[in-house]
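1. From the sequence below, what's the structure:
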Amino acid sequence: MAEYIIAIDQGTTSSRAIVFDRKGTIISTGQKEHEQIFPKPGWVEHDPMEIWRNVQEVIGLALSRGDLTRHDIAAVGITNQRETAVVWDRKTGRPVYNAIVWQDTRTQPIVDRLAGDHGVDRFKDIVGLPLATYFSGTKIAWILENVDGAKEKAEAGDLAFGTTDSWVLWNLTGGTDGGVHVTDVTNASRTLFMDLETLEWRDDILAEFGVPRSMMPEIRSSSEVYGTAESSSLLRETPIAGILGDQQAATFGQVAFQAGESKNTYGTGNFLIFQTGEEIIRSKNGLLTTIGYKLGDGPTHYALEGSIAVTGSLIQWLRDQLGIISSAPEVEKLAAQVDDNGGVYFVPAFSGLFAPYWRPDARGAIVGMTRYVTKGHIARAALEAVAYQTRDVLDAVNADAGVDLTELKVDGGMVANDTLMQFQADVLGVPVVRPVVAETTALGAAYAAGLAVGFWSGLDDLTANWQEDRRWEPSMDEAERDRLLRQWRKAVTKSMDWVDDDVS
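-> This is a model prediction of the structure:
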């Protein structure tokens, strides 16, 4: 009898495969980073073929490290970087262009054109999202408008679009030989094309973007059998039975199923999701309305989301571009060399500002510099920026939902940083709670797949698995918190109005 579920976590910086048992405990993992391609300022790309090769490799690593075969695996779940767009040729299986990553800002002219006199909220009542470079719809339009022959091939029905869940699923189920072209409702809700109420693609919006309907994957629930792994795969004949966009997967892995429950994931960016149940709440405070999850034929569960573009990738930037640290964990040690930020505030608006500001004209700024400042202060300011941005988003959630959050569940790579987590609790004024299993993104995908094949009987089984690992209580004086937040918000204004027509 198969005793495990394997989750494929196709993330922004790496692809991972993680095997879980019935208790949600990690049995084995495989991970491999892929190249971050920066052709021009504001452009961010990935090679989809490299991603697919890496996915196959990490599946093998996870199975071999756990001394497992496909017979031990009951189902496969997929979770993914959500808005990253892949367009490929159905006949050859080759992408027509690199994947355009969610952080990429090249499509701002398309956003401006579509907004026109209507404004960026033109389609927001239907799709829950403002027009922004963040979402995959404008990226598809860019590829069709800028890659030779792409428009003609798309109109002939030869091209397929998918976020990376669809790309992995299509290849895993056979690719050019019968590959399944499907996405789930959570990923579909990040394209700018899906009606939140009907869960269908909107032909009128697709037409406005110039995207043929034939390119789009079929929209399915987050937990059902979509197909089985093809014969040459190490997982051959194993059902692929769960898909959740990474942030919804992390929320599911945190067993935040009900209205009023939330989590914050600290990854490449930060993403706070607040469940609103079966009710669609349209944000008036700069948040996104999105799909939380849908299990098979069950009801659709909605959520509010605050998306922050740059958090973990800021630490990566300190390592790779500035070279002031040689590994990401070193940032905590460097920040600990100073008692405070020395008056320095770091606004990492490398891709503009996302929630709750939505300012594509913003760019990164370090303010408050004096000769007193050391690289320790820069490191501390970078960590603090993560917490400040989360506070901005949480204030918007409280305003939209009308209910103040009483504690924040956290996950992702940066939650191992005790200095950051304590500062986060101090800035929020509420406890911050980390679970035993911090890999909640992969766990959520595993849960969705396991529910579909009866590996777990229901949500109560999943809730019973969740265990608290550590809790940080706020200890900062309220007056000091207010002073820091006032300075932070002043710093944010300094990053705005930077991009002119002749400045990228």
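
2. what residue of this structure is the furthest out?
-> No residue in the chain sits farther from the centre than residue 371, which is 37.7 Å out by C-alpha atoms, centre = their mean.

3. what's that one sitting at in phi/psi?
-> phi -60, psi -20 (degrees, to the nearest 10).

4. what do you get for residue 59?
-> Main-chain torsions, residue 59, degrees, to the nearest 10: phi -60, psi -50.

5. Report the contact partners of residue 242.
-> Listed by C-beta atoms under 8 Å, 6 or more residues apart in numbering, the contact set of residue 242 reads 75-78, 222-223, 445-452. From N, CA and C alone the C-beta is placed, and that goes for glycine too.

6. of these, closest to residue 273?
-> Nearest to residue 273 among the contacts of residue 242 is residue 222, at 13.7 Å by C-beta to C-beta.

7. Find me the pLDDT at the closest one, would you?
-> Residue 222 carries a pLDDT value of 98.

8. Surely it touches residue 449?
-> No: using C-beta atoms under 8 Å as the test, residue 222 is too far from residue 449 to be in contact (9.6 Å).

9. Residue 260: what secondary structure?
-> Counting by DSSP: H, G, I helix; E, B strand; the rest coil, the backbone at residue 260 sits in coil.

10. And for it, nearest residue in space, chain neighbours not counted?
-> Leaving out its chain neighbours, the residue that sits closest to residue 260 by C-beta to C-beta, 6 or more residues apart in numbering is residue 403, at 6.2 Å.

11. circling back: roughly how far does the residue farthest from the centre of the chain sit from residue 342?
-> Using C-beta to C-beta, to the nearest Å, residue 371 is found at 11 Å from residue 342.

12. Give me the common contacts of these two.
-> Shared contacts of residue 371 and residue 342, defined by C-beta under 8 Å, 6+ apart, are absent.

13. low-scoring stretches of the stretch 201-350 of the chain, by residue?
-> For the stretch 201-350 of the chain, applying pLDDT under 70 flags no range at all.

14. Show me the strands in it, by range?
-> Here the stretch 201-350 of the chain has its strands, by DSSP state E, counting those that start in this stretch, at 218-220, 223-228, 239-245, 262-266, 270-277, 288-294, 300-308, 345-347.

15. Now do stretch 31-40: everything it contacts.
-> Residues from elsewhere that reach stretch 31-40 (C-beta under 8 Å, 6+ apart): 13-17, 44-47, 50-51, 54, 57-58, 61, 98, 106, 504.

16. Keeping just the C-alphas, turn it into CSV.
-> C-alpha atoms of stretch 31-40 as CSV (Å, rounded to 0.1, in the frame of the first residue of the first chain):
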residue,chain,number,x,y,z
GLN,A,31,16.0,20.6,-4.7
LYS,A,32,17.8,22.3,-7.5
GLU,A,33,18.1,26.0,-8.3
HIS,A,34,17.6,27.4,-11.8
GLU,A,35,19.1,30.4,-13.5
GLN,A,36,17.7,33.9,-12.9
ILE,A,37,17.9,35.7,-16.3
PHE,A,38,18.0,39.5,-16.3
PRO,A,39,18.2,40.6,-20.0
LYS,A,40,17.4,44.3,-19.2
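
17. burial measure for residue 95, as a count.
-> 22 (other C-beta atoms under 10 Å).

18. So what sits opposite it in the bridge?
-> Legend: beta-bridge partners of residue 95 under DSSP bridges are residue 88.

19. again, but for residue 17
-> residue 8, residue 30.

20. How about the contacts made by it?
-> Residue 17 neighbours (C-beta under 8 Å, 6+ apart): 6-9, 29-31, 55, 58-59, 61-63.

21. before we move on, what about residue 92?
-> Counting by C-beta under 8 Å, 6+ apart, residue 92 makes contact with residue 176.

22. secondary structure class for it?
-> In the three-state summary, residue 92 is assigned as coil, counting by three-state DSSP.

23. For residue 363, which residues are in contact?
-> Here residue 363 is in contact with 349-350, 352, 495, 498-499 (criterion: C-beta under 8 Å, 6+ apart).

24. in the stretch 401-504 of the chain, which ranges drop under the pLDDT threshold?
-> 501-504.

25. So which residues of it form helices?
-> With helices called from DSSP state H, counting those that start in this stretch, the stretch 401-504 of the chain shows them at 418-428, 440-452, 459-465, 478-495.

26. now do the stretch 1-150 of the chain
-> Counting by DSSP H, counting those that start in this stretch, the helices of the stretch 1-150 of the chain are 48-65, 108-115, 124-127, 136-146, 150-155.

27. To residue 367, which of those lies closest?
-> Closest to residue 367 of the helices of the stretch 1-150 of the chain, according to C-beta to C-beta: helix 108-115, at 24.3 Å.

28. Can you list the buried residues in stretch 299-314?
-> For stretch 299-314, a neighbour-count test (16 or more other C-beta atoms under 10 Å) marks 300-314 as buried.

29. Alpha carbons only: can I get that stretch in CSV?
-> This file holds the C-alpha atoms of stretch 299-314, laid out as CSV (Å, rounded to 0.1, in the frame of the first residue of the first chain):
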residue,chain,number,x,y,z
PRO,A,299,-17.7,25.2,-2.9
THR,A,300,-15.2,27.8,-3.9
HIS,A,301,-13.4,29.5,-1.1
TYR,A,302,-12.1,33.0,-1.6
ALA,A,303,-9.4,35.1,0.0
LEU,A,304,-7.8,38.6,0.2
GLU,A,305,-4.1,38.7,-0.6
GLY,A,306,-1.4,41.2,0.0
SER,A,307,1.5,40.6,-2.4
ILE,A,308,4.9,42.0,-1.7
ALA,A,309,7.4,41.7,-4.5
VAL,A,310,10.8,41.7,-2.8
THR,A,311,11.7,40.2,0.6
GLY,A,312,13.8,37.1,0.4
SER,A,313,15.1,38.2,-3.0
LEU,A,314,16.4,41.3,-1.2
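
30. which one of the helices of the stretch 1-150 of the chain has the most crowded surroundings?
-> Highest mean neighbour count of these: helix 136-146, a mean of 24 (counted as mean count of other C-beta atoms under 10 Å).

31. how about it as PDB, C-alpha atoms only?
-> This file holds the C-alpha atoms of helix 136-146, laid out as PDB (Å, rounded to 0.1, in the frame of the first residue of the first chain):
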ATOM      1  CA  SER A 136       0.400  36.700 -16.300                       C
ATOM      2  CA  GLY A 137      -2.200  38.200 -18.800                       C
ATOM      3  CA  THR A 138       0.100  41.100 -19.800                       C
ATOM      4  CA  LYS A 139       3.000  38.700 -20.200                       C
ATOM      5  CA  ILE A 140       1.200  36.500 -22.700                       C
ATOM      6  CA  ALA A 141       0.200  39.600 -24.600                       C
ATOM      7  CA  TRP A 142       3.900  40.800 -24.700                       C
ATOM      8  CA  ILE A 143       5.000  37.400 -26.100                       C
ATOM      9  CA  LEU A 144       2.400  37.400 -28.800                       C
ATOM     10  CA  GLU A 145       3.200  41.000 -29.800                       C
ATOM     11  CA  ASN A 146       7.000  40.700 -29.700                       C
END
